[in-house]
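**Student:** 3D, please:
(one chain, ligands or ions: 1)
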Amino acid sequence: MKPLFKGKHFITLEEWKKPEIDKLLEVSFKMKEYFYNNEDTTFLKNKTAFLMFFEQSTRTRNSMEAGLAQLGGHATFLDTSKMQISHGESAKDTAKILSSYGHGIACRNCFWGIGNDFLREMAKNSSVPIMNLQCDLYHPMQGLADLMTIQEVFKETKHLKVSIIWAYATTHKKPISVPLTQILLFPRYAMDVTLAYPEGYDLPDWAIKQAKKHAEENGGSFKITHNMEEAFKDADVVIPKNWGSWVNNQSDEVVDDLLESYKGWKCTEDMIALASPNVKYMHALPADRGNEVEDSVIDGEHSIVYLEAENRIHTAKAVMAMTMGDK
Ligand code: CP
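**Tutor:** Just a heads-up that it's a prediction; the model follows:
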């Protein structure tokens, strides 16, 4: 398989043209077929990548590690608290050194106002592709898997009503990168996207402007509501998920009065009943069960969360196979 986008950084899908994303999706579906048919996929034989994590991960780490092994290569997991970064070594020096040892560098750094800049600094100084495993602004690996899942289930995405809905959770103050990636990506595929959240949980103005532009250019639509029921009503896909109030409040504190005032923003059976009879419930996971969503919904007939999570490995393999070739 030819690495068509050899050396291209994967930091945000905003920097990938639509035909390039289409190609990544095509390869992702092929990877899935190869996986189920037990076919050889050693397209990255002897290639190596470094996976740097500033935060915890289940899906992202393991889809990348298992994915690269299945491509014939090897991924080295790096806990950044055990790297010299924790003693102040720069992103520049880290990128220069690691890129001289292998064929790709992937990194998760979700610190608000820091994560994306860190990846950009590595990209400036790396001779190999930098892959974003989630930063403060974007989660392109998740976005690509979400898009693959929607295409797989619905085939046609034009005018699908997709509602990205804030939900109450207390586990940690989550990045805005998942909903931000989704509002930027889905209108490019002509979906009718509704973003719903209570006052105080805004996404950045520039992202809203860009989401509207994508909708206008691609025949979809984009709107914002602060009414949860309106977002659920007649939706084909609902993605109720928590995110932090980072845009308005940069404190790391997880639970505050604002959050507690919105406990009612939960995906319940009653909310699902407002949606299309064939509605699909999605969540990037991990879910805060009992807070963001009732068990009966996430475990119920409308849920496609395990398909969505599974597709993380097929899309991760596609991104690596297409960007990490011979140096
Ligand atoms: N959805 C997602 O990125 O999961 P992890 O945090 O487990 O990697």
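**Student:** Which segments of the protein make up each domain?
**Tutor:** 13-138+312-324, 140-308 (automatic domain parsing).
**Student:** Now Leu274: closest residue in space that isn't a chain neighbour?
**Tutor:** Phe232 (4.3 Å; C-beta to C-beta, 6 or more residues apart in numbering). C-beta coordinates here come from the backbone N, C-alpha and C atoms, glycine included.
**Student:** again, but for Glu294
**Tutor:** Thr268 (5.2 Å).
**Student:** same question, Thr41
**Tutor:** In space, Thr41 is closest to Tyr34, 4.9 Å off (C-beta to C-beta, 6+ apart).
**Student:** Looks to me like that neighbour is in a helix.
**Tutor:** Yes. The assignment for Tyr34 (DSSP: H, G, I helix; E, B strand; the rest coil) places it in a helix.
**Student:** I figured it was touching Ser28, is that so?
**Tutor:** No. Using C-beta atoms under 8 Å, Tyr34 is not in contact with Ser28, being 10.7 Å away.
**Student:** secondary structure element for the most centrally placed residue in the chain?
**Tutor:** Among the residues of the chain, the one closest to the centroid is Gln142, at 2.4 Å (C-alpha atoms, centre = their mean). Following DSSP states H and E, one finds Gln142 within helix 140-154.
**Student:** anything in that helix near the ligand?
**Tutor:** Yes. Applying C-beta under 6 Å from any ligand atom, one finds that helix 140-154 is in contact with the ligand at Gln142.
**Student:** tell me the mean pLDDT over that helix?
**Tutor:** Helix 140-154 shows a mean pLDDT of 99.
**Student:** Give the other helices and strands that it contacts.
**Tutor:** Using 3 or more C-beta pairs under 8 Å, 6 or more residues apart in numbering; DSSP states H and E, the elements in contact with helix 140-154 are helix 18-36, helix 59-70, strand 130-135, helix 177-185, strand 237-241, strand 280-281, helix 305-323.
**Student:** Now do the helix or strand hosting Leu98 and strand 130-135, the angle between them.
**Tutor:** Assigning secondary structure by DSSP H and E places Leu98 in helix 91-101. When axes from the mean of the first three to the mean of the last three C-alpha atoms, to 10 degrees is applied, the directions of helix 91-101 and strand 130-135 differ by 130 degrees.
**Student:** Pull the residues that contact the very next helix or strand once past helix 91-101.
**Tutor:** The helix or strand immediately downstream of helix 91-101 is strand 104-109, counting by DSSP H and E. With contacts defined as C-beta atoms under 8 Å, 6 or more residues apart in numbering, strand 104-109 is touched by 47-55, 57, 60, 64, 75, 80, 95, 98-99, 115, 118-119, 122, 126, 128-136, 320, 323-324.
**Student:** what's the angle from strand 104-109 to helix 59-70?
**Tutor:** 170 degrees.
**Student:** Residue numbering should commence at 108 henceforth.
**Tutor:** Got it, first residue is 108 now, which makes that one strand 211-216.
**Student:** Is the ligand within reach of strand 211-216?
**Tutor:** No. Shown here: strand 211-216 not in contact with the ligand (C-beta under 6 Å from any ligand atom), separated by at least 7.5 Å.
**Student:** and that strand, average pLDDT?
**Tutor:** 98.
**Student:** who does the helix or strand that it is followed by touch, helix- and strand-wise?
**Tutor:** Toward the C-terminal end, the helix or strand that comes next after strand 211-216 (DSSP H and E) is helix 222-232. Helix 222-232 is packed against helix 198-208, strand 211-216, strand 237-242, with contacts defined by 3+ C-beta pairs under 8 Å, 6+ apart.
**Student:** coming back round to it: nearest to Gly327, out of the helices and strands packed on helix 247-261?
**Tutor:** helix 284-292 (10.8 Å; C-beta to C-beta).
**Student:** ok, the closest one near the ligand or not?
**Tutor:** No. Using C-beta under 6 Å from any ligand atom, helix 284-292 stays clear of the ligand, with a minimum separation of 7.3 Å.
**Student:** For that helix, what is the distance to the chain centroid?
**Tutor:** 7 Å (C-alpha atoms, centre = their mean, to the nearest Å).
**Student:** which helices and strands does it pack with?
**Tutor:** Partner elements for helix 284-292 (3+ C-beta pairs under 8 Å, 6+ apart): helix 247-261, strand 268-273, strand 299-303, helix 312-325, strand 344-348.
**Student:** what angle sits between the helix holding Gln249 and helix 284-292?
**Tutor:** Going by the same axes, to 10 degrees, helix 247-261 makes 60 degrees with helix 284-292.
**Student:** per-residue confidence for the nearest residue to Tyr369 once chain neighbours are set aside?
**Tutor:** Spatial nearest neighbour of Tyr369, chain neighbours left out: Pro305 (4.6 Å); criterion: C-beta to C-beta, 6+ apart. The model reports Pro305 with a pLDDT of 98.
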